[in-house]
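J.: Below is the sequence, then the predicted model.
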There are 2 protein chains.
Amino acid sequence: MEVTRKNFKETLPLISESINKADFLVIDTEFTGLINGRDVSMFDSPQEYYTTLLNGSTDFLLIQYGLCAFFWDEEEKHYKNDAYNFYLFPRGRPGPEKMFLCQSSSLDFLAAQGFDFNKLIKEGISYMTEPIESRLRENLAERQSRSNSEQESITIPVEQRSQIEDICKKVREFLDNSKSDEMEIDRCNAFIRRLLFQELGARFKNEAFVETKVLENKDRVLKVSRLTPENKGENRNLQKKEKEWEEFEEAVGFSKVARMISQSEKLVIGHNMLLDVLHTLNHFFQPLPSDYSSFKEFTHCMFPRILDTKYMCSLPPFKDKVNSSVLQHLLSTLSEPPFSLPKVECAAGRGYTCAQNKAHEAGFDAYVTGLCFLAMQAHLARMRGERGARVAQADAPPLRPFLNKLFLAKTAHQDSPYINLTGPDPTPSRDHVFHLTFPKEWQRSDINQLFSAFGQITVQFLDDTSALVALSRRDLAKTVTWVFANNNRISIMPYVKYKLLNNKHQSERREETSEKFMRLYSSDNALARRDTVSDSNATGSPEKSRGRSNSVSLADAQPARKRCASGVFQIDEMEPPPKKAELVVSNGKRKHSDCAKETTISKRKETNKVIDRYDSDSKSKVECVKAFKEIDSWD
Amino acid sequence: MEVTRKNFKETLPLISESINKADFLVIDTEFTGLINGRDVSMFDSPQEYYTTLLNGSTDFLLIQYGLCAFFWDEEEKHYKNDAYNFYLFPRGRPGPEKMFLCQSSSLDFLAAQGFDFNKLIKEGISYMTEPIESRLRENLAERQSRSNSEQESITIPVEQRSQIEDICKKVREFLDNSKSDEMEIDRCNAFIRRLLFQELGARFKNEAFVETKVLENKDRVLKVSRLTPENKGENRNLQKKEKEWEEFEEAVGFSKVARMISQSEKLVIGHNMLLDVLHTLNHFFQPLPSDYSSFKEFTHCMFPRILDTKYMCSLPPFKDKVNSSVLQHLLSTLSEPPFSLPKVECAAGRGYTCAQNKAHEAGFDAYVTGLCFLAMQAHLARMRGERGARVAQADAPPLRPFLNKLFLAKTAHQDSPYINLTGPDPTPSRDHVFHLTFPKEWQRSDINQLFSAFGQITVQFLDDTSALVALSRRDLAKTVTWVFANNNRISIMPYVKYKLLNNKHQSERREETSEKFMRLYSSDNALARRDTVSDSNATGSPEKSRGRSNSVSLADAQPARKRCASGVFQIDEMEPPPKKAELVVSNGKRKHSDCAKETTISKRKETNKVIDRYDSDSKSKVECVKAFKEIDSWD
């Protein structure tokens, strides 16, 4: 079911009902871009992965949201689906104005899939975060409580006097002689409209009501309505206020659906859902915290049961049978033996059927993800000798290994396959990885040559003169630095040491920048221009000044596990969060000729097969990680 | 005439012809947003105005370009127009991938005007700057000169072997038994395709030709074609290379038109054209220089004859008769006595007529701007007792006062109405302006109260506790600091002093940041991660490291006045320019509830009538500046 601003209000009760009766919910989203600036690199830790996406992905806009609710039909003994495909566009007024990034290749891709951008912009549903909602709510209440008379009076400039007088005469004429109830005054710029509000308001207070009318083409005209005994000024004011609240509720829009999903505490499923989750939290709940552990806690608190089908299919017993985990390929694989797709019907117009092919429409992708999940869970049940057409509780043993882990596509085959929302992340060894600096004229083959004694290697280039190199033969790792000690064309150091030095540099830089901000902005000098930092931050410590994580009240969060509007994850300050100095927009001045997906691919072209082992002490971890030996993130 | 990628190539000769026969050209553009972050403030100098737009506006995308060529019909003794409305979208591959900003209210506005975003993204014409074009041209030539055999061979991982063997068998089968000339291989991820390229290339070198085919939905499949004696591998390679060059020329796209306009050296007209000019230079020629005088020189060199109708109509003899200089209002005004619109026809399908109403379509707005210009120039001619239906030379006396001045809408009524491209800008006095710091609880009325002894004031709020205040009674300016010397609730200082201190702070901050960059990035330490700054900049001086202005060869530019591809304005380094640390994207975390236009308006609501005089020694300047006493930028 397609949902736009035209049918959102009337559809909301249906959506609520679908969520309530569902066994599980599936989500999928579409954005205006994937990554800005540096992408995740293949040896990154889950924390670095998160930080990279926080800085590089959260400034894109979420433009389509698919929600598919799967509910059990006890009579027919199979699932049915209610699916919703929401177009989302926060257009400002009365909601917040949005500045957002787009990646031309992403829009091009969406357009090729039939995405309707005209519908998006004209009919998209608005949304906002909770802190913004609270603030705007207060602003509106306060503005309505002030009376109009408090507005400053402007002296009419000489140049405008005759125009204003002319219009006043016309209004007098209309009130005395016209038979219609309304007149419109056009061809006025904003200043003239402001003067007219003042003059007409003063002169015709009891006879006419003046308001701005926005035409379909966004032109603004003044509308003057005749006041009658039945239609008094107070009534008009009351109606106006009611309308403002209605418009405000419309602007909160889709955030209400997102919060319903959260409050249901149901199992929420997605395919490769990390970005979906990040955007969901960031756009409808609260700005993401910069602190990684706060992020994990925040996510788990908002969505206590999450399952990523891309992670699920990369583990046994699926991984050997799944050649490609691209969603459409996975669906094909799961529709053939030894798997089979379940029967899932829908009421007319309420969900999808498999016969439709609307790949990359968020609602349809959510539906397909749900089918894949059902096929895999049925396979697990059969292996356990159960019938199990209906999904077990999310916390029950069959699903437990897959629960609350967000798949990390780009580092999965380097033994870092997931963010664990409810415990420690994998900490794969990096002993076999080295940072190499080499002469500018070197090619990949020169590096191969250099390491010829060490077997196959994986290379990730950092720039023209440096790269990360991973050995497949981990047993030889200890000899590397020794072997190259006297080679003065290159320099080499263990990855761990490189990271330490690098992080030190970065934190030094951050601290110094913070100090400078303090010096410049929080001095008592009356001239300091504070508008780039909010006051509360300017006087805080450097760490605090970055501080979205401070807004998360960790102490209360864990036990209560109440969410969203209910008050646990609150922003103390209603100020907009500090602007991110890290974000850099490139205006076409970026590295050329490669769209994001292709960048990933062309980087990977340099990558040989990875056949590392995950040498941890935990056996289960080893098994889980082995699943990522195939290079399945090339999609 | 609408121009998209579908008809661009065949239309190019027509466009060239239109430009060549024109007496003057009119342009208009549409962008994805107006300003990001701090807007121009009303006491800004032209240089500050430029810097603000450079930082706040150039990261939006230019998405529609209107070009209207007016040419004289000697037989019929009136003008005709050829008009082109170009949809522009740089979609990456083989052009550069673009990251760009959007402002939700701007897109909403365009959609309300009927702008077709689907057409934009699917059929928009690509474009790129000259430095990017040169670099991509070199890259492509170099890539084509390398033979395929140089590509690194990948060992096929165990997991993929059976899949690859299966496909090789199928290809063998196809070559031996099939009657068709082509087969497609689908459901392969990028890694499998890479392996297949290698294996099929090696095994069937003389029998089959393998290439990637991009389907309409952007899915990629491998296409295997049978090689025949007539259709040899070398031919296929040659054809492939030719196609790559064709695609590259398509990606250069609209930049060719922009460069034709520049090379024609004709009079180029626009209405409120500052942003049009900035975007034109920045997207099709070269990144704008940060240095203001280089910008003026660069602009004049690229477009030696520019005329802004918004500036023209704000001067005598027009200003008294033009109530609103909004383009549509201006057209209405100029179609009534004492003015009259000229007769302008067009060949069928080649231009617009006045009967059409396509306001805010860039081509139509360009056409209307041309009509306004013709009406105003005919009025001037009549006042001089000439017939003058045909436009005089741009450099002739009647047009000279209006030439090469870019209108500054937001500071015009503060005596700073234009950027003068061919001479010094106005330097209005700011002696009557003060920077005021006041208690947080103060309202506008408290400030009025404070200044009650000084007559009417203009107030621009900077934040909760500071504002700029301008006196209308300039004669009292000298007494202000003295009068408030002992008031300890506020502090006040002359605007000029405030600017000096502020600039000092800013430049200190800039220098320190540059120094830090130097320290972090240009050290010999192999660990320094250089990817955020280009090498050439990292080793330069702080000033240089900002340095797009350095790329402009000032010495040669002025006398030769050669442009674009011809070599004067060259970027020495083909590196992408340094990323702008100033740019901050807000992701909805910006000041709320006001779209850009409305922000301007609500700020202005605080502004009383300005009745300053421009106290310069030059009489002509005084006259020119008086024209801006009306608050005509409220539109």
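T.: Sure, I can see it.
J.: any idea which helix or strand carries residue A:369?
T.: Per DSSP states H and E, residue A:369 falls inside helix A:362-383.
J.: Give the buried residues for that helix.
T.: Taking 16 or more other C-beta atoms under 10 Å in any protein chain shown as the basis for neighbour counts, the residues of helix A:362-383 that come out buried are A:362-381. The C-beta positions use only the backbone N, C-alpha and C, and glycine is treated the same way.
J.: Tell me if it is near chain B.
T.: No: applying C-beta under 8 Å from any C-beta of the partner chain, one finds that helix A:362-383 is not in contact with chain B, the shortest distance being 13.2 Å.
J.: Please apply the same query to stretch A:62-74.
T.: No: where contact is defined by C-beta under 8 Å from any C-beta, no part of stretch A:62-74 touches chain B; the two come within 10.6 Å at best.
J.: got the CA positions of that stretch in PDB?
T.: In PDB, the C-alpha atoms belonging to stretch A:62-74 read as follows (Å, rounded to 0.1, in the frame of the first residue of the first chain):
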ATOM      1  CA  LEU A  62      15.800   9.000   4.100                       C
ATOM      2  CA  ILE A  63      13.200   9.200   1.300                       C
ATOM      3  CA  GLN A  64      11.400   6.000   1.300                       C
ATOM      4  CA  TYR A  65      10.400   3.600   4.100                       C
ATOM      5  CA  GLY A  66       9.100   0.100   3.600                       C
ATOM      6  CA  LEU A  67       7.300  -1.600   6.400                       C
ATOM      7  CA  CYS A  68       5.900  -5.100   6.000                       C
ATOM      8  CA  ALA A  69       4.000  -6.600   8.900                       C
ATOM      9  CA  PHE A  70       3.700 -10.400   8.900                       C
ATOM     10  CA  PHE A  71       0.800 -11.800  10.900                       C
ATOM     11  CA  TRP A  72      -0.300 -15.400  11.400                       C
ATOM     12  CA  ASP A  73      -3.600 -16.500  10.000                       C
ATOM     13  CA  GLU A  74      -4.700 -19.200  12.500                       C
END
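J.: And it, what's buried?
T.: A:62-72.
J.: Most widely separated two among those residues?
T.: Maximum pairwise distance among those (C-beta to C-beta): 31.8 Å, between A:63 and A:72.
J.: helices and strands of chain A: which one has the lowest mean pLDDT?
T.: Ranking every helix and strand in chain A by mean pLDDT, DSSP states H and E puts helix A:596-605 at the bottom, with a mean of 27.
J.: circling back to that earlier point, just the buried residues of stretch A:62-74: which are in strands?
T.: A:62-72 (DSSP state E).
J.: where in the stretch 151-300 of chain A is pLDDT low?
T.: For the stretch 151-300 of chain A, applying pLDDT under 70 flags the ranges A:151-152, A:218, A:233.
J.: Helices of that one, residue ranges please.
T.: Secondary structure of the stretch 151-300 of chain A, counting by DSSP state H, counting those that start in this stretch: helices at A:158-177, A:190-203, A:233-252, A:255-264, A:274-284, A:292-302.
J.: Please report how far the residue of the stretch 251-400 of chain A found nearest chain B lies from residue B:187.
T.: The stretch 251-400 of chain A approaches chain B most closely through residue A:324 (4.8 Å), counting by C-beta to the nearest C-beta. Residue A:324 sits 7 Å away from residue B:187 when distances are taken as C-beta to C-beta, to the nearest Å.
J.: Could you do residue A:410 as well?
T.: Using C-beta to C-beta, which is the criterion applied here, residue A:410 is 22 Å from residue B:187.
J.: again with residue A:432
T.: Distance from residue A:432 to residue B:187, counting by C-beta to C-beta: 33 Å.
J.: out of the two, which sits in the more crowded spot?
T.: Relative neighbour count places residue A:432 above the other of residue A:432 and residue B:187, with 24 against 15, counting by other C-beta atoms under 10 Å in any protein chain shown.
J.: OK, contacts around that one?
T.: With contacts taken as C-beta atoms under 8 Å, 6 or more residues apart in numbering or on different chains, residue A:432 has the following neighbours: A:470-474, A:477, A:612.
J.: Closest one of these to chain B?
T.: Out of the contacts of residue A:432, the member with the shortest distance to chain B (by C-beta to the nearest C-beta) is residue A:472, at 10.4 Å.
J.: What are the phi and psi values at residue A:75?
T.: The phi and psi torsions at residue A:75 (degrees, to the nearest 10) take the values phi -70, psi -50.
J.: Now tabulate the buried residues of stretch A:62-74 in CSV and tack on pLDDT.
T.: Below are these laid out as CSV (pLDDT from 0 to 100):
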residue, pLDDT
A:62, 95
A:63, 96
A:64, 97
A:65, 97
A:66, 97
A:67, 97
A:68, 97
A:69, 96
A:70, 96
A:71, 94
A:72, 93
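J.: Quick check, central residue of chain A?
T.: When chain A is reduced to its mean C-alpha position, the nearest residue by C-alpha atoms, centre = their mean turns out to be residue A:279, at 1.2 Å.
J.: And it, how far from residue A:30?
T.: When distance is defined by C-beta to C-beta, residue A:279 is 10 Å away from residue A:30.
J.: The closest residue to chain B within the stretch 301-450 of chain A pairs with what?
T.: When distances are taken as C-beta to the nearest C-beta, the stretch 301-450 of chain A approaches chain B most closely through residue A:437, which lies 4.0 Å from it. Beta-bridge pairing of residue A:437, defined through DSSP bridges, involves residue A:466, residue A:491.
J.: Does it touch residue A:488 like I think?
T.: No: with contact defined as C-beta atoms under 8 Å, residue A:437 and residue A:488 do not form a contacting pair (11.3 Å).
J.: ok, the two, which is more surrounded?
T.: Set side by side, residue A:437 and residue A:488 give different neighbour counts by other C-beta under 10 Å, the larger being at residue A:437 (17 against 7).
J.: Contacts only, for the more buried one.
T.: With contact set as C-beta under 8 Å, 6+ apart, residue A:437 has these partners: A:465-466, A:490-492, B:526.
J.: Let's see that with 7 Å instead.
T.: Listed by C-beta atoms under 7 Å, 6 or more residues apart in numbering or on different chains, the contact partners of residue A:437 are A:465-466, A:490-491, B:526.
J.: Could you do residue A:91 as well?
T.: For residue A:91, counting by C-beta under 7 Å, 6+ apart, the contacting residues are A:126, B:104-105, B:108.
J.: From those residues, which land in strands?
T.: No part of the contacts of residue A:91 ends up in strands, with DSSP E as the criterion.
J.: which residue lies farthest from the center of chain A?
T.: Largest separation from the mean C-alpha position in chain A: residue A:177, at 57.3 Å (C-alpha atoms, centre = their mean).
J.: Can you tell me the element the nearest residue to residue A:3 once chain neighbours are set aside falls in?
T.: Take residue A:3 and drop its neighbours on the chain: the residue closest to it by C-beta to C-beta, 6 or more residues apart in numbering or on different chains is residue A:86, 4.7 Å away. When secondary structure is defined by DSSP H and E, residue A:86 falls within strand A:78-87.
J.: Tell me the gap between that strand and the middle of its chain.
T.: Counting by C-alpha atoms, centre = their mean, to the nearest Å, strand A:78-87 is centred 21 Å from the centre of its parent chain.
J.: low-confidence ranges in chain A?
T.: The low-confidence ranges in chain A, as defined by pLDDT under 70, are A:147-152, A:218, A:233, A:388, A:394-395, A:510-635.
J.: What residues of stretch A:32-39 count as buried?
T.: Of all the residues in stretch A:32-39, those buried under the rule 16+ other C-beta under 10 Å are A:32-37, A:39.
J.: Contact partners for the nearest residue to residue A:321 once chain neighbours are set aside?
T.: The shortest distance from residue A:321 to any residue other than its chain neighbours is 6.8 Å, reached at residue A:333 (C-beta to C-beta, 6+ apart). Remark: with contacts taken as C-beta under 7 Å, 6+ apart, residue A:333 is in contact with A:321-323, A:339.
J.: Give me the secondary structure label for residue A:333.
T.: Taking DSSP: H, G, I helix; E, B strand; the rest coil as the rule, one finds residue A:333 in the helix state.
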